[in-house]
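Colleague: what's the 3D shape of this:
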Amino acid sequence: MPVTVTLDAALARRGMTGKQLAERIGLSETQLSLFRSGKVRGIRFATLARMCAALDCTPADLLGYAWDPADLDE
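Modeller: Residues are numbered from 1 along each chain as shown. Take a look at the predicted model:
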């Protein structure tokens, strides 16, 4: 999958834990953990916006993208 989740780096830059972020944005720790591990296939823009607001960042700070032509075979 060419999209990667880089939320852990954003949390570290802010000195915040996943639990603190989950509480601030009204998300369960389980849901946030699934996102952090890359086990979810989608995220609502509203949730992404709340994460960005809480971490004072942009979506590009939470997600990465690395093109690999082999991904077209998936």
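
Colleague: how about Met51, what does it touch?
Modeller: Shown in contact with Met51 (C-beta atoms under 8 Å, 6 or more residues apart in numbering): 7, 21, 25, 57, 62. Using the backbone N, CA and C atoms, a C-beta is placed for each residue, glycine as well.

Colleague: I'd guessed the last one sits against Asp8; true?
Modeller: No: because the distance of 9.7 Å does not satisfy C-beta atoms under 8 Å, Leu62 is recorded as not touching Asp8.

Colleague: so between the two, which is more surrounded?
Modeller: Leu62 (21 against 12; other C-beta atoms under 10 Å).

Colleague: and the lengthiest helix in the chain, how far from the chain's centre?
Modeller: The longest helix of the chain (DSSP state H) is helix 45-55. Offset of helix 45-55 from its chain centre (C-alpha atoms, centre = their mean, to the nearest Å): 9 Å.

Colleague: using CSV, list the CA coordinates for it.
Modeller: Listed in CSV are the C-alpha atoms of helix 45-55, where the atom choice follows Å, rounded to 0.1, in the frame of the first residue of the first chain:
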residue,chain,number,x,y,z
PHE,A,45,-12.2,14.0,6.6
ALA,A,46,-13.8,15.4,9.7
THR,A,47,-11.8,13.1,11.9
LEU,A,48,-8.6,14.0,10.0
ALA,A,49,-9.4,17.7,10.4
ARG,A,50,-9.9,17.2,14.2
MET,A,51,-6.5,15.4,14.4
CYS,A,52,-4.8,18.2,12.5
ALA,A,53,-6.4,20.9,14.7
ALA,A,54,-5.4,19.1,17.9
LEU,A,55,-1.8,18.5,16.6
